[in-house]
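Trainee: quick one, structure for this:
(one chain, ligands or ions: 2)
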Amino acid sequence: SVAAASGGDVTLIGRDAAAVEVMRASRRNEKALPGIDLPEALAFSAEVETVRGAGIVLFAMPSQAQRQAARDLAPLLAPGTAVVICAKGMEKGTGRLLTDVLEEELPGREIAVLSGPGFAADIARGLPTAMVIAARTPEIGAALAALSGPTFRLYPSTDRIGVQLGGALKNVLAIACGIIEGAELGDSARAALISRGLAELSRFVAAHGGEGGTVTGLSGLGDLVLTGTSHQSRNLRFGIALGRHGTATGWSGDLVEGAFAASVAAGVAVDKGIDMPITDAVARIIDGTLDVKTAIGQLMTRPITQE
Ligand SMILES: NC(=O)C1=CN([C@@H]2O[C@H](COP(=O)(O)OP(=O)(O)OC[C@H]3O[C@@H](n4cnc5c(N)ncnc54)[C@H](OP(=O)(O)O)[C@@H]3O)[C@@H](O)[C@H]2O)C=CC1
Ligand SMILES: O=C(CO)COP(=O)(O)O
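Mentor: Ligands and ions are numbered 1, 2, ... in the order given. Predicted coordinates:
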């Protein structure tokens with residue numbers, strides 16, 4: 001919403017009225033964006049009713065909260081309203097894509113997906129980045145790409161499946177990068193992991209009806225270069241803890257979307273017969289049924305195939 005506020009009439013709706021009032025009065029969100037001044041153009045509300053009449057609604061809450069938020073807002077969103085999923089994940093329990101979840105809860109609305117490399121704090125500071133916005137048609141994508149600003153460049157896409165799975169599963173691969181870093185396996189291992197991880201991510205996208213090549217773009221490779229290497233990433237830091245200590249005991253409790261996505265995607269891969277060895281290893285290291293050393297041994301001794 002900070003980026004979008006540079007070009008339009010934007011209201012940030014929060015569920016905690018006291019926190020919203022502090023943001024409105026101080027123009028700061030010290031918990032999430034410490035030291036960053038929020039734009040004067042941004043309005044604040046704790047009243048969910050404020051969303052009524054909005055043309056574009058950004059769903060900027062964790063993946064597992066998206067269905068309930070859609071359910072809560074359904075009576076307030078007119079047909080044709082663009083609803084943009086800003087989360088990077090899949091639904092736990094059902095293994096469903098978030099676009100499917102929101103289309104089920106919000107029939108008649110235009111469900112779009114925002115993904116790609118962009119730490120909220122970098123964007124809010126006005127540091128430049130580029131992301132991708134995927135919509136059902138090129139026309140809707142082009143209209144939503146108008147949310148771009150002087151330091152925030154949005155590329156439209158029509159591959160909602162590839163773009164959302166690129167975002168969800170790069171988080172799993174960022175945890176894998178963290179495991180490699182925490183276990184001190186070297187930079188070569190990280191680079192190999194990124195390449196082979198993208199190969200399995202591409203297979204997963206294709207098996208869901210998306211375009212495998214999408215994941216070599218901003219959502220997928222672009223975001224993995226960011227979150228597989230920057231210590232700002234919660235997924236990377238969670239992986240480092242796993243690689244260092246074998247468990248994530250002592251983890252701060254910050255949101256780690258990849259920890260949900262790993263087990264969801266590993267389960268879906270088994271059901272659909274998709275070969276996802278890295279995702280499967282990450283899921284099993286997280287649930288404690290595989291240790292890092294054994295995982296590396298298993299990955300390195302798989303049958304050699306053509307790249
Ligand atoms: N942070 C980042 O840099 C980026 C995050 N994302 C993605 O965005 C999504 C949200 O991440 P992030 O913003 O960091 O997460 P946060 O944990 O900061 O949550 C974001 C907002 O969602 C609200 N929220 C949390 N749980 C619920 C719930 N159950 N129901 C309703 N609202 C809820 C929080 O409210 P409250 O403050 O009251 O807890 C908060 O305002 C994730 O999928 C993440 O992968 C994507 C790109 C960048
Ligand atoms: O996806 C992100 C930036 O593009 C945020 O990553 P983390 O959730 O790992 O912090």
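
Trainee: could you check how far residue 178 is from residue 289?
Mentor: According to CB to CB, to the nearest Å, residue 178 stands 19 Å off from residue 289. (Each C-beta comes from the backbone N, C-alpha and C, glycine too.)

Trainee: so between these two, which is more surrounded?
Mentor: residue 178 (30 against 8; other CB atoms under 10 Å).

Trainee: is the host helix or strand of residue 179 in proximity to ligand 1?
Mentor: Per DSSP states H and E: residue 179 is located in helix 160-182. No. Under the criterion of CB under 6 Å from any ligand atom, ligand 1 is not reached by helix 160-182; the shortest gap measures 6.6 Å.

Trainee: neighbours of the residue lying closest to residue 125 once chain neighbours are set aside, how many?
Mentor: Of all residues not flanking residue 125 in the chain, residue 36 sits nearest, at 5.8 Å (CB to CB, 6 or more residues apart in numbering). For residue 36, the neighbour count with other CB under 10 Å is 17.

Trainee: this structure: helices as residue ranges?
Mentor: Assigned by DSSP state H, the helices in the chain fall at 17-26, 66-73, 98-105, 120-124, 138-145, 160-182, 187-207, 223-227, 234-245, 257-272, 277-286, 292-300.

Trainee: now tell me what touches the first one from outside.
Mentor: Counting contacts by CB atoms under 8 Å, 6 or more residues apart in numbering, the residues outside helix 17-26 that touch it are 12, 13, 14, 28, 29, 31, 38, 44, 45, 46.

Trainee: reformat these as a markdown table; add distance to ligand 2.
Mentor: Below are those laid out as a markdown table (distance: CB to the nearest ligand atom, whole Å):
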| residue | distance to ligand 2 |
| --- | --- |
| 12 | 19 |
| 13 | 21 |
| 14 | 19 |
| 28 | 20 |
| 29 | 16 |
| 31 | 15 |
| 38 | 19 |
| 44 | 23 |
| 45 | 25 |
| 46 | 25 |
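
Trainee: spell out which parts of the stretch 151-300 of the chain neighbour ligand 1.
Mentor: Checking the stretch 151-300 of the chain against ligand 1 by CB under 6 Å from any ligand atom, the hits are 255, 257.

Trainee: swap in 8 Å and give it another go.
Mentor: Within the stretch 151-300 of the chain, the positions near ligand 1 by CB under 8 Å from any ligand atom are 167, 171, 232, 234, 254, 255, 257.

Trainee: any idea of the pLDDT on the residue nearest to residue 203 when sequence neighbours are not counted?
Mentor: Using CB to CB, 6+ apart and skipping the chain neighbours, the partner closest in space to residue 203 is residue 274 (5.5 Å). Here, the pLDDT recorded for residue 274 equals 98.

Trainee: now do residue 274: how many residues are near it, please.
Mentor: Neighbour number of residue 274 under other CB under 10 Å is 18.

Trainee: do the same with residue 265
Mentor: Using other CB under 10 Å: residue 265 sits among 28 other residues.

Trainee: can you tell me the closest non-neighbouring residue to it?
Mentor: Distances taken as CB to CB, 6+ apart put residue 279 closest to residue 265, at 5.1 Å, once the chain neighbours are dropped.

Trainee: before we move on, what about residue 42?
Mentor: Closest to residue 42 by CB to CB, 6+ apart is residue 5, at 4.3 Å.

Trainee: other residues contacting stretch 193-203?
Mentor: 165-166, 169-170, 172-173, 176-177, 180, 212-213, 215-216, 220-221, 224-225, 228, 274-279, 307.

Trainee: filter these down to the buried ones, ChimeraX style.
Mentor: Selecting only the buried entries of those in ChimeraX, with 16 or more other CB atoms under 10 Å as the criterion:
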select :165,166,169,170,172,173,176,177,180,212,215,220,221,224,228,274,276,277,278,279
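
Trainee: could you list which of the contacts of stretch 193-203 also contact ligand 2?
Mentor: residue 170.

Trainee: ok, now which ones touch the most centrally placed residue in the chain?
Mentor: The residue lying closest to the centre of the chain (CA atoms, centre = their mean) is residue 88, at 2.1 Å. Residue 88 is in contact with 63, 115, 164, 167, 168, 170, 171, 223, 257, 261, counting by CB under 8 Å, 6+ apart.

Trainee: top of these by neighbour count?
Mentor: residue 170 (35 neighbours).

Trainee: tell me the pLDDT of that one.
Mentor: 98.

Trainee: got it, and residue 75?
Mentor: On the pLDDT scale, residue 75 gets 98.

Trainee: cool, thanks, signing off.
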